[in-house]
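next one to model:
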Amino acid sequence: MSRVVFCLPLLLAACTVGPDYRRPDLALPPRVTQAETTAPAAAAADLERDWWRRFGSERLDRLVDEALRASPTVEAGQANLKAAREAVAAQEGVSLPQVGVSLSSTRQKTAAVYASPLASNSYIYTVHTAQISVGYSPDVFGLNRRSVEALEAQRDVAAENLSATRLTLAANVVQAVINSAGLAEQMQLVRTQIETQRRALEITQRLRRVGAAAEADETAQQLQLAGLEASLPPLERQLEQQDHQLKALVGRYPADPLETRFSLAELHLPAALPAAVPARLVETRPDVRAAEAGLRSANAQVGVARANRLPALSITASGIGQASSSLSELFQSANRFWSLVGGLTQPVYDGGTLAARERAAWAQRDAAAALYRQTVLQAIQSVADSLAAADADRRLVGRQAEALRAAERAARIARDQVRLGDLSPLAALAAEQSQWQAGLALAQARAAELSDAVAVCQAIAGTWIQETP
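Numbers count the residues shown, from 1 in each chain. Here you go, the predicted model:
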């Protein structure tokens, strides 16, 4: 019979109340978009780590690496992950026996109306006590196991948030570099066009002096030149602010030295970007994995709420030790004492508090499941949007490149005609202006295409190999 009583807590410890987690069936489509073909999984898997190196710039690679090392946001994410790991370890320790050791000495006097507690009948004495306390609460219905499960899920949330932070930081650095390169390209084109307009104004002024041009023509050229010159300071301001943002991303102050100026020519469009991807790949995104981990935590909290309504068993050895009025006799067998207490607690009436908490836990689980489904929907939309934008801007770059080639031919023909005397210099300058506008449009389209590539990489790049903080 004693064996049965001893084994009963061990048998009950195998019982864990509450629902076991099962991933919801999302019924994902075969692919993100309605494209006729899908890219192989390996093509998207290649983007999972260090995807920014596909842009072919060593300077860019160094900036991203520095940002990942120096960013306070990443440091905070690492600290949060460490705290979550320690919370799991702390909760796991609750399942183990809790042992404490104490040593105390007490000097006291017993009133004469009482009998002395000592065998020597002394009323003034010192008591030395060495004691070990052991407490153990068998996890009969899995309360602690469900608590650990919930904290493990929160640890996974912290890990995925850290992955998302790193991914977003890398994307922000690459995007800032692209913006900086695009603005620098636009500024160079504007400066070139300003020189062209100045030449046009000089020609118009000479023609007016000889009566071959009207004052209105000169005024129109002045307005055009003034408009171009006015467009330069906003671009300079944007470029300066972009430099400040890039320095902040790598953990530096605006006054710190850092080479932040890039050109579009040194940034290459990543080769073999997938035109379509299987929808199941969105499950590897950090935001989706974090949402699922949140659902696992909410699911475990249902078990915690259920277990709190069931009996709790505790076994406590409140005193195992030695006591003596003399240190030299402290550890004699006659001075040994101990006490053992077993307890069983069952809530009987609590005004419906525990039942309400369990219902709330179920509702929170349902909310987490809905949030998980919504996160998956948004992830698929994000991937589809980035793929569509990349395809549209890829075609736009092709059209703008054709337009620039046509404008260059027209400008070349106009210059030849000027040399032959068949065309006025102003007409040739007008052709150069068309060439400039086509070049500006191509630079903007190229910057947009590179930005789309960043969005595709960020949307598809999923599992980030975690680094131990």
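
could you pull up the mean pLDDT of the helix or strand harbouring residue 188?
Per DSSP states H and E: residue 188 is located in helix 143-209. What helix 143-209 shows for mean pLDDT is 91.

helix or strand next in line after it, which one?
Past helix 143-209, the next helix or strand by DSSP H and E is helix 215-249.

please compute how far that next one lies from its chain's middle.
Distance of helix 215-249 from its chain centroid, counting by Cα atoms, centre = their mean, to the nearest Å, is 36 Å.

for that helix, which positions count as buried?
The neighbour-count criterion (16 or more other Cβ atoms under 10 Å) identifies 217-218, 221, 224-225, 228, 238-239, 242-249 as the buried residues of helix 215-249. Quick note: C-beta positions are derived from backbone N, CA and C, even for glycine.

now the angle between helix 143-209 and it, please.
Helix 215-249 runs at 160 degrees relative to helix 143-209, counting by axes from the mean of the first three to the mean of the last three Cα atoms, to 10 degrees.

other SSEs contacting helix 215-249?
Contact analysis of helix 215-249 by 3 or more Cβ pairs under 8 Å, 6 or more residues apart in numbering; DSSP states H and E lists helix 143-209 as its packing neighbours.

gap between the helix it packs on and the chain center?
Centroid separation for helix 143-209 versus its chain: 18 Å, with Cα atoms, centre = their mean.

which strands or helices does it pack on?
In this structure, helix 143-209 packs against helix 58-70, helix 72-93, helix 215-249, helix 286-307, helix 425-460, with contacts taken as 3+ Cβ pairs under 8 Å, 6+ apart.

mind saving the C-alpha coords of the shortest one as CSV?
Backbone C-alpha positions of helix 58-70 (Å, rounded to 0.1, in the frame of the first residue of the first chain) are rendered in CSV as follows:
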residue,chain,number,x,y,z
GLU,A,58,31.7,45.4,-50.9
ARG,A,59,31.2,48.8,-49.3
LEU,A,60,27.5,48.0,-48.9
ASP,A,61,28.4,44.7,-47.3
ARG,A,62,30.7,46.4,-44.8
LEU,A,63,28.0,48.9,-43.9
VAL,A,64,25.4,46.2,-43.2
ASP,A,65,27.8,44.1,-41.2
GLU,A,66,28.7,47.2,-39.1
ALA,A,67,25.0,48.0,-38.6
LEU,A,68,24.3,44.4,-37.4
ARG,A,69,27.1,44.7,-34.9
ALA,A,70,26.6,48.2,-33.6
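
neighbouring contacts of it?
With Cβ atoms under 8 Å, 6 or more residues apart in numbering as the test, helix 58-70 has contacts from 52-53, 74, 166, 169-170, 173-174, 177, 246, 249-252, 259-260, 262, 266-267.

buried set for that helix?
Here helix 58-70 shows 60, 63, 64, 65, 66, 67, 68 as buried, counting by 16+ other Cβ under 10 Å.

which single one of those residues is nearest to residue 203?
residue 60 (42.9 Å; Cβ to Cβ).

returning to that earlier point: what's the closest of the buried residues of helix 215-249 to residue 144?
Residue 144 lies nearest to residue 249 out of those, by Cβ to Cβ, at 42.6 Å.

ok, now which ones touch that closest one?
For residue 249, the contacting residues are 67, 71, 169, 172, 173, 176, by Cβ under 8 Å, 6+ apart.

what count of nearby residues applies to the closest residue to residue 293 other than its chain neighbours?
Counting by Cβ to Cβ, 6 or more residues apart in numbering, residue 293 lies nearest to residue 156, which is 3.8 Å off, once chain neighbours are set aside. The tally of other residues near residue 156 (other Cβ atoms under 10 Å) stands at 19.

one more: the one 5 residues further on?
The burial count assigned to residue 161 is 20, neighbours taken as other Cβ under 10 Å.

distance check, it against residue 288.
12 Å (Cβ to Cβ, to the nearest Å).

which of the contacts of helix 58-70 are buried, as a ChimeraX select command?
In ChimeraX, a selection of the buried entries from the contacts of helix 58-70 looks like this (16+ other Cβ under 10 Å):
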select :52,74,166,169,170,173,174,177,246,249,250,251,252,260,262,267
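
check what pLDDT residue 307 gets.
pLDDT recorded at residue 307 is 90.

which residue sits closest to residue 88, ignoring its sequence neighbours?
Sequence neighbours aside, residue 151 is the residue nearest to residue 88 in space, at 4.7 Å (criterion: Cβ to Cβ, 6+ apart).

give me the mean pLDDT for stretch 446-461.
Here the average pLDDT along stretch 446-461 is 89.

repeat for stretch 253-261
Throughout stretch 253-261, pLDDT has a mean value of 86.

try stretch 20-37
72.

just give me how far that stretch sits from the chain centre.
23 Å.

ok, now stretch 365-374?
For stretch 365-374, the separation from the chain centroid amounts to 20 Å (computed by Cα atoms, centre = their mean).

contacts for that stretch next, please.
By Cβ under 8 Å, 6+ apart, stretch 365-374 touches 24, 26, 288, 291, 292, 294, 295, 297, 298, 299, 301, 302.

thank you, goodbye.
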